[in-house]
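Need a 3D model of the following:
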Amino acid sequence: MRAWRIAAGVTLAIVLVAGACVWSGGAPASVAAQEKQPGPAPSIPITAGSAILMEATSGRVLFEKEPDKRMAPASITKIMTMLLAMEAIEQGKASLDDMVVTSEHAMEMGGSQIWLEVGEEMSLADLMKAIAIVSANDASVAVAEHIAGSEEAFVDMMNQRARELGMTGTRFTNCHGLPHRDHYTTARDIAIMSRALLRYPKVHEWFTTWIDYVRGGKNILVNTNRLVKFYEGADGLKTGFTEEAGYCLAATAKRGGLRLISVVLNVADSQLRFREASALLDFGFRHYAGVEIASQGQVVAQVDVARGIVEKVDVVAKDPLVAVVPRGEEAKVKSEMTLPDRVSAPVQKGQKVGDLIARLEDGTEIARVDLVAAEEVKRGNVFRVVLRATRNLLRTLFRVGKD
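As a prediction, the model looks like this:
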């Protein structure tokens with residue numbers, strides 16, 4: 001009788017446990033928490049310690065899981081390294097044709113590398129390619145030293161740029177991502193710096209290269225990001241792995257007018273990080289559409305210039321304007337401009353003169369970009385201003401006479 005009761009108790013316990021698993025779908029606590037999120041969800045559980053899906057143009061977040069949790073980023077750090085290098089090139093402070101001399105400090109970097117030797121010269125273009133494709137730590141330090149004089153000075157630049165971008169959960173201690181207790185960031189901050197880097201078309205060329213070479217073909221580079229070969233529209237960004245950070249990935253893909261950034265941190269294995277990043281991208285492309293209202297640099301209007309050497313200046317969109325809406329609601333997007341009747345000379349190229357705004361039919365604002373002057377307009381001399389005013393007055397008088 002006692003044995004029967006024990007057996008019955010064990011059976012009841014098994015039934016209760018099985019019922020609990022059926023009720024919860026057998027999901028771990030982190031997944032169960034995801035299922036509480038309202039609305040649609042990715043097709044597979046996101047087990048990453050932290051994750052985010054962001055639309056690249058507007059910065060709108062479409063999915064998040066612990067996005068502000070501070071975590072080790074491993075080689076995803078190099079997104080900021082590449083961003084500072086591209087900005088230095090844009091500002092004329094460096095060139096891709098620069099020959100960079102390897103220091104002893106750069107040579108000593110462990111982990112992923114291209115085995116630079118002290119005194120070896122390599123072009124900045126090849127070093128950037130090595131960072132993008134194989135995540136070379138030695139190349140990262142060489143680039144940092146070339147841009148700032150030392151890695152320490154470059155790290156200061158990294159942290160300053162992070163503050164400027166609004167990356168509130170980030171602190172860098174190196175330019176490569178090898179472990180350090182005070183080196184951390186967040187999924188949200190990674191998406192923010194990824195948006196900044198994606199402004200440069202050249203980086204997509206490096207990020208989408210599957211196999212390439214340095215040193216005149218002597219050394220092969222094989223891309224660590226599988227998505228650029230196997231995921232439609234993928235053209236970046238960076239993988240990362242250390243024991244402390246786990247497997248990480250910042251990925252981006254574009255389909256139609258919609259570009260998405262997917263970040264997963266601290267995933268259990270390499271295959272899974274690609275699956276989860278892909279699932280987030282799939283989720284975004286399946287449920288959302290991007291309505292492109294203006295491209296970067298597109299002329300959208302003209303504004304009169306008072307007391308300038310010319311009467312009008314073209315107004316352009318400073319950045320692309322893409323309105324992100326649920327699929328099927330694209331027709332509800334409207335746009336409007338706020339511009340003054342005129343601006344006074346002098347006008348600087350890139351000077352903000354107004355806004356371009358995307359709204360829904362009910363007036364809800366969903367995105368905006370600055371409208372800026374396309375060219376510099378210098379102040380005209382007195383003679384030129386009086387002559388133009390007289391000419392305009394005569395035009396007005398003759399027009400009135402004809403009426």
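
shouldn't Asp282 be in contact with Ile44?
No - counting by Cβ atoms under 8 Å, Asp282 does not reach Ile44; the two are 9.3 Å apart. The C-beta positions use only the backbone N, C-alpha and C, and glycine is treated the same way.

More neighbours: the two, which one.
Neighbour totals were compared for Asp282 and Ile44, and Asp282 leads with 18 against 15 (other Cβ atoms under 10 Å).

Checking the more buried one next. Helix, strand or coil?
helix (DSSP: H, G, I helix; E, B strand; the rest coil).

Stretch 326-336 spans what distance, first to last residue?
21 Å (Cα to Cα, to the nearest Å).

what does stretch 316-331 give?
One end of stretch 316-331 sits 24 Å from the other (Cα to Cα).

just the strands in the stretch 251-400 of the chain please.
According to DSSP state E, counting those that start in this stretch, the stretch 251-400 of the chain carries its strands in the segments 258-267, 288-294, 299-306, 312-317, 321-326, 334-338, 342-344, 352-359, 365-373.

and the fifth one, what does it pack onto?
In this structure, strand 321-326 packs against strand 258-267, strand 288-294, strand 352-359, strand 365-373, with contacts taken as 3 or more Cβ pairs under 8 Å, 6 or more residues apart in numbering; DSSP states H and E.

now for the shortest one, which elements pack on it?
When you say that, I think you mean strand 288-294. Short answer (3+ Cβ pairs under 8 Å, 6+ apart): strand 288-294 packs on strand 258-267, strand 321-326, strand 352-359.

same deal with the first one?
Packing contacts for strand 258-267, counted by 3+ Cβ pairs under 8 Å, 6+ apart, involve strand 50-55, helix 187-197, strand 246-255, helix 270-287, strand 288-294, strand 321-326.

just so I know, which of these lies nearest Leu84?
helix 187-197 (9.7 Å; Cβ to Cβ).

Need the helices and strands packed on strand 258-267 in JSON lines (columns: mean pLDDT).
Output for the helices and strands packed on strand 258-267, formatted as JSON lines (pLDDT from 0 to 100):
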{"stretch": "strand 50-55", "mean pLDDT": "97"}
{"stretch": "helix 187-197", "mean pLDDT": "97"}
{"stretch": "strand 246-255", "mean pLDDT": "96"}
{"stretch": "helix 270-287", "mean pLDDT": "97"}
{"stretch": "strand 288-294", "mean pLDDT": "91"}
{"stretch": "strand 321-326", "mean pLDDT": "90"}
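
Now these in TSV, please, with extra columns for distance to Val372.
Putting the helices and strands packed on strand 258-267 into TSV (distance: least, Cβ to Cβ, whole Å) gives the following:
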stretch	distance to Val372
strand 50-55	22
helix 187-197	18
strand 246-255	24
helix 270-287	29
strand 288-294	12
strand 321-326	13
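
For the protein, give me the ranges with low pLDDT.
Under the criterion pLDDT under 70, the flagged ranges of the chain are 1-39, 381-403.

ok, the residue nearest the centre of it to Gly350 distance?
Nearest residue to the geometric centre of the chain (Cα atoms, centre = their mean): Arg195, 1.9 Å. Going from Arg195 to Gly350 by Cβ to Cβ, to the nearest Å gives 19 Å.

Check Asp269 too.
46 Å.

Overlap of the contact sets of Asp282 and Ile44?
Overlap of the contact sets of Asp282 and Ile44 (by Cβ atoms under 8 Å, 6 or more residues apart in numbering) is empty.

on that earlier part again, most neighbours per residue, which of the helices and strands packed on strand 288-294?
Mean neighbour count (mean count of other Cβ atoms under 10 Å) peaks for strand 258-267 among the helices and strands packed on strand 288-294, with a mean of 27.

tilt between that strand and strand 50-55?
When axes from the mean of the first three to the mean of the last three Cα atoms, to 10 degrees is applied, the directions of strand 258-267 and strand 50-55 differ by 170 degrees.

Whichever strand or helix holds Ile131: how far from the chain's middle?
For Ile131, the host element (DSSP states H and E) is helix 124-134. What separates the centre of helix 124-134 from the centre of its chain is 19 Å, taken as Cα atoms, centre = their mean, to the nearest Å.

and what of stretch 361-378?
21 Å.

Now do the end-to-end distance for that stretch.
40 Å.

tell me which residues in it are buried?
Counting neighbours by 16 or more other Cβ atoms under 10 Å, one finds that the buried residues in stretch 361-378 are Ile366, Ala367, Arg368, Val369, Asp370, Leu371, Val372, Ala373, Ala374, Val377.

do the same with stretch 220-240
Result for stretch 220-240 [16+ other Cβ under 10 Å]: buried residues 221, 223-228, 231, 233-240.

Could you work out the most separated pair of those?
The widest separation within these (Cβ to Cβ) is 22.4 Å, between Leu221 and Gly233.
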